[in-house]
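**Q** Coordinates for the following, if possible.
(chains A and B)
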Protein chains: 2
Amino acid sequence: MAEPPRTRDPIARLVHALGKLPGIGEKSATRLAFHVLRADSELASELASALLDVKAKVRLCSTCCALTEVDPCTVCTDPGRSDAIVCVVATPQDQLAIERAGAFRGRFHTLHGLIAPLDGVGPDDLRISELVARARSEVEFVIATSPSTEGEATALYLARLLKPLGARVSRIATGVPIGGELEYADRVTLARAIEGRREL
Amino acid sequence: MAEPPRTRDPIARLVHALGKLPGIGEKSATRLAFHVLRADSELASELASALLDVKAKVRLCSTCCALTEVDPCTVCTDPGRSDAIVCVVATPQDQLAIERAGAFRGRFHTLHGLIAPLDGVGPDDLRISELVARARSEVEFVIATSPSTEGEATALYLARLLKPLGARVSRIATGVPIGGELEYADRVTLARAIEGRREL
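**A** Here you go, the predicted model:
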């Protein structure tokens, strides 16, 4: 896939373009391209217009940094949501996952990444200044980053940053997932589950 | 993914459109859509134009039924190729695989499928009339369909059709693949390899 795409035929160009998507190698790209060729034209035109539309219309909310068509976004302007609690997530996908769970009715803030020094991602690469601008004493920030090394480090960093500004900072619970088998849970998860036990 | 795509936001529309591609479920489609959002605009515009281009420019060669921009296609008009031998393949991908092997310098013919009564694909659904039109006594057709039930049935059907027209019909060899371990070859392949043995 090293040749310049302009010089090649339309099928090779499509294979090349599809191969730039993550997780799609040359074989999958070829399979997808031939599917597009066989399918009726609507599939190609619908996908093409959706691709252009998404780049033309979607931008970041100036308050919470979510992907949105309107600024501020509909979550930031929703009168049914509480201003007192802000859920801080790494990615728009994570916000989507929490929204789907339906258990949170506050606001959100998207960092667009996690602090990962090994990958060269520092605090300045994330939407942290926008988060700091939202810190007030009557606000609680729930740091909902994954319980991974980067997620934990980012949570710690944010707590140290936000607490001096008077805000309350909390962290989502870690433990054995619902429906998970205790027998198969890893040692760290089990240790956390015992550590974080709650009185019944 | 059942809602009508028009009523939803651009991200949901893109996820929906990507989800129509084979082997891409809602989770993969979401991951791809967010990748497109993060990547620079060129990725989306290149892919969109490649999708539209391929449908606008690519059609079937009126001689060999290959996918092509010019009719007849460059393989049919290549003066360096022999007219005496025509390799009959099921799909454009199969032709590509044989071209990559670099061992064939004749013409091609693409059937666009295999006879598969269980899937409702009969001879009339394939590009067989175009193949028959090419049958002459000085031409050999090598049926290069896969050694599967459908591939074998299609080969047999074509042999019965083309031989009475005076054409020679042959079949690609089946046997243990190069680099394959005899120990792990299946029984049918081994039986075929012995049956099709060649003197050294």
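
**Q** downstream neighbour of the stretch of helix or strand residue A:162 belongs to in the secondary structure list?
**A** Using DSSP states H and E, residue A:162 sits within helix A:149-162. Going down the chain from helix A:149-162, the next helix or strand is strand A:168-171, by DSSP H and E.

**Q** So residue A:155 is in contact with residue A:162, correct?
**A** No: using Cβ atoms under 8 Å, residue A:155 is not in contact with residue A:162; the gap is 10.5 Å. Where you see a C-beta, it was placed from the backbone N, CA and C, and this is true even at glycine.

**Q** any residues in contact with both of those two?
**A** With contacts taken as Cβ atoms under 8 Å, 6 or more residues apart in numbering or on different chains, not a single residue reaches both residue A:155 and residue A:162.

**Q** that older thread, same question for the helix holding residue A:162: list its buried residues.
**A** By neighbour count on 16 or more other Cβ atoms under 10 Å in any protein chain shown, the buried set for helix A:149-162 is A:150-152, A:154-155, A:157-159, A:161-162.

**Q** Pick out whichever of these sits closest to residue B:84.
**A** Lowest distance from residue B:84 to these (Cβ to Cβ) belongs to residue A:150, with 64.0 Å.

**Q** could I get the buried residues of helix A:149-162 as a markdown table with distance to residue B:197?
**A** Shown next, in a markdown table, are those (distance: Cβ to Cβ, whole Å):
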| residue | distance to residue B:197 |
| --- | --- |
| A:150 | 60 |
| A:151 | 62 |
| A:152 | 64 |
| A:154 | 66 |
| A:155 | 68 |
| A:157 | 70 |
| A:158 | 72 |
| A:159 | 74 |
| A:161 | 76 |
| A:162 | 77 |
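
**Q** For these, name the two members farthest from one another.
**A** Largest pairwise distance in these, by Cβ to Cβ, is 18.1 Å, between A:150 and A:162.

**Q** Please enumerate the strands of chain A.
**A** Along chain A, counting by DSSP state E, strands occupy A:59-60, A:67-68, A:85-89, A:107-110, A:140-143, A:168-171.

**Q** where do the helices sit along chain A?
**A** A:10-18, A:26-38, A:41-57, A:74-77, A:92-101, A:128-132, A:149-162, A:187-195 (DSSP state H).

**Q** Nearest the middle, which residue of chain A would you pick?
**A** The centre of chain A sits closest to residue A:91, judged by Cα atoms, centre = their mean, with a distance of 1.5 Å.

**Q** wait, isn't that one in contact with residue B:34?
**A** Yes: counting by Cβ under 8 Å, residue B:34 is a contact partner of residue A:91 at 7.2 Å.

**Q** I'd like the distance from the lowest-mean-pLDDT helix or strand in chain A to the chain centre, please.
**A** Lowest mean confidence among the helices and strands of chain A (mean pLDDT, DSSP states H and E): helix A:187-195, at a mean of 83. Distance of helix A:187-195 from its chain centroid, counting by Cα atoms, centre = their mean, to the nearest Å, is 26 Å.
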